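**Q** take this sequence and fold it.
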Amino acid sequence: MIDIDSGSEVRGIFIAGGIVKSRLTDLDRHVVEDYLASLLQVQNLVVLVGSGASFHLGSPQTRNLNNAAVQQLISNAGHSVDEIDSELLSFLNPADKGDLEKLLNGLQLAASLADQAGLTEVTFGSGPSAKGFTKDQIQQLKGKINVAFAHACQLPSPDTDLKDPLAAHRKFLSRIVRSRRANLPRPKVFTTNYDLVIERALDELGYPYIDGFSGTVDRRLNLAYYGLDFHRVETTSQQVVARADSALYLHKIHGSLNWKAATIGSSGIRTLEITQVQEGSATIDEPVLIYPTTAKEGDSLSYPYSDLMRLLSDAVQQSDTAVLTIGYGYGDPHINRILLRSLAINPAISVLAIDPYAVLDRDSTLNNAILDDDLVGSTLAARNHEVLNTPVAALAAGDDSRIAVLTGKAGEFVHMVELLPQPALNVNVNAPAAVMNLIESLERFVEALPEKDGAGDE
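**A** Model (predicted):
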């Protein structure tokens, strides 16, 4: 029996139109590689990156958190947890097994109730154990958790033991850019993540990108910049020589750790202007983020998120379009509606969802399915492999030939990138480093040359 979690053979299951096409063995791995290679050659490539693409970098867990774990998140962000915070947490999460989204929802609803009813405090519990908390106390804990969550999204995590944490992201970005034909439109990358991992990886590669901000020192959000592109010009005449290589568009549709709303003078009035600041400098009232609560759908209707969502909607409605989702669990209704509407009205669209453990239970069913020699050419249901109750599993079970799913260990971000086609240039070294290595090699070569006789020799 193959150990699917060891050795050079990283296994998984590739499903298209509900039918299993590959178990990623040495014999059928090419099926996935060929599919991805063709996917990158469509006219319009849209990539949606979720938090799962950053799990190997320490992306924070938002589910199955006990109260101690929530308090540790707050402490890690440099804030203290007082007795009131601890008591409020206990009332909100009495089972001591919480979901960060539900926790923030409870705090938000309690604060809203106090506002609506004009209450001085909101009472939790009943009988002798009941306790009241003021709106300020509720808002204090909500603010601490928000800041703690944002702090935990500063990746790579200091706890990571990876020697080169951004290697997988560099490889991924380089392959989706450089594997496409030169005459195709730029890839459009959308991400729900707040971290700056993609930006850092692009900087290390030396790739230009448009993120909707204008300026250099004073950077301000200007969505008109998404209408711009990069071209190489002749330095003296400024005539266009060719379109610049290795560029893409980046959209942070849920905000970013280095965004904040500008204010007018000393009045403290917040404007609709978004600026970039140094990562981690935002306070409780400043980050421009859509936090993981049920209110995030409503938040997405405000500026700038509504405009960024419109750009996503426009991108996926074009003809000959491929949508590649990585680490996105389809848990955001406002994004799902855009993708589902595109599937309904756009016959020339393909969707590939990559998620390692959202289709089959990783502790039992997944291994059995991967080791099922008769699985290819059948459905998971026909082979009695029970799927999970998740949106990605529903996609995998659908019979729409435009929808494909990659799951299993091969669907982990660090392994998925190895399935992408190799670009023309080496992606293991970033562009500036490659130039420096070349210079150093030439200098060593010159130093090793024997000296010529005669002082006047040239």
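**Q** the bottom helix or strand of this protein by mean pLDDT?
**A** The helix or strand of the chain with the poorest confidence is helix 296-299; it has a mean of 51 (mean pLDDT, DSSP states H and E).
**Q** what are the buried residues along whichever helix or strand comes after that helix?
**A** Past helix 296-299, further along toward the C-terminus, the next helix or strand under DSSP states H and E is helix 305-316. By neighbour count on 16 or more other C-beta atoms under 10 Å, the buried set for helix 305-316 is 305, 308-309, 311-312, 315-316. Placement of C-beta: from N, CA and C, glycine included.
**Q** so which pair among these is furthest apart in space?
**A** 305 and 316 (16.6 Å; C-beta to C-beta).
**Q** dump the buried residues of helix 305-316 into TSV; add distance to residue 397 as well.
**A** TSV is the format used below for those (distance: C-beta to C-beta, whole Å):
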residue	distance to residue 397
305	31
308	31
309	27
311	30
312	25
315	26
316	22
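**Q** any idea which of these is closest to residue 212?
**A** Among those, and counting by C-beta to C-beta, the member closest to residue 212 is residue 308, at 7.7 Å.
**Q** and the closest one, what is it in contact with?
**A** By C-beta atoms under 8 Å, 6 or more residues apart in numbering, the contact set of residue 308 is 190, 212, 223, 251-253.
**Q** flag whichever of those scores worst on pLDDT.
**A** Within the contacts of residue 308, residue 223 has the lowest pLDDT, namely 90.
**Q** for that residue, what are its contacts?
**A** 212, 304, 307-308, 311.
**Q** lowest-confidence entry in the residues you listed?
**A** Lowest pLDDT among those: residue 304, 84.
**Q** these two touch, right, that one and residue 275?
**A** No: applying C-beta atoms under 8 Å as the test, residue 304 and residue 275 come out as separate, 11.5 Å apart.
**Q** need the overlap of contacts for these two.
**A** Common neighbours of residue 304 and residue 275 (C-beta under 8 Å, 6+ apart) are residue 221.
**Q** show me how the protein divides into domains.
**A** The record's domain split for the chain, according to automatic domain parsing, is 13-59+162-419, 67-152.
**Q** where does the stretch 301-450 of the chain have low pLDDT?
**A** 301, 424-441, 444-450 (pLDDT under 70).
**Q** that one: helices as residue ranges?
**A** 305-316, 333-345, 365-370, 391-397, 413-416, 431-448 (DSSP state H, counting those that start in this stretch).
**Q** any chance of those in CSV, plus distance to residue 227?
**A** What follows is these, written out as CSV (distance: least, C-beta to C-beta, whole Å):
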stretch, distance to residue 227
helix 305-316, 10
helix 333-345, 20
helix 365-370, 44
helix 391-397, 32
helix 413-416, 30
helix 431-448, 26
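**Q** so which of the ones you listed gets nearest residue 403?
**A** Of the helices of the stretch 301-450 of the chain, the one closest to residue 403 (C-beta to C-beta) turns out to be helix 391-397, at 5.5 Å.
**Q** tell me which strands and helices that closest one is in contact with?
**A** strand 349-354, strand 403-407 (3 or more C-beta pairs under 8 Å, 6 or more residues apart in numbering; DSSP states H and E).
**Q** ok, and what's touching it?
**A** Contacts for helix 391-397 (C-beta under 8 Å, 6+ apart): 15, 18, 329-331, 336, 351, 353, 355, 358-360, 379-381, 387, 403, 405, 407.
**Q** what is the nearest of the buried residues of helix 305-316 to residue 52?
**A** Nearest member of these to residue 52, counting by C-beta to C-beta, is residue 312, at 18.3 Å.
**Q** hmm, residue 190 and the closest one touching each other?
**A** Yes: if you go by C-beta under 8 Å, residue 312 and residue 190 touch, sitting 5.4 Å apart.
**Q** what's the average pLDDT for the longest strand belonging to the chain?
**A** Ordering each strand of the chain by length in residues (DSSP state E) puts strand 255-264 first. Averaging pLDDT along strand 255-264 gives 77.
**Q** the inter-axis angle of it versus helix 305-316?
**A** 140 degrees (axes from the mean of the first three to the mean of the last three C-alpha atoms, to 10 degrees).
**Q** got the CA positions of strand 255-264 in CSV?
**A** Extracted in CSV, the C-alpha atoms of strand 255-264 (Å, rounded to 0.1, in the frame of the first residue of the first chain):
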residue,chain,number,x,y,z
GLY,A,255,-8.8,45.0,2.5
SER,A,256,-5.3,44.8,3.6
LEU,A,257,-3.2,45.2,6.8
ASN,A,258,-1.5,48.3,5.3
TRP,A,259,-4.7,50.1,4.4
LYS,A,260,-6.4,52.8,6.4
ALA,A,261,-9.0,55.4,5.9
ALA,A,262,-7.7,59.0,5.6
THR,A,263,-8.9,61.7,7.9
ILE,A,264,-9.4,65.4,7.3
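**Q** what comes up buried for that strand?
**A** For strand 255-264, using 16+ other C-beta under 10 Å, the buried residues are 255-261.
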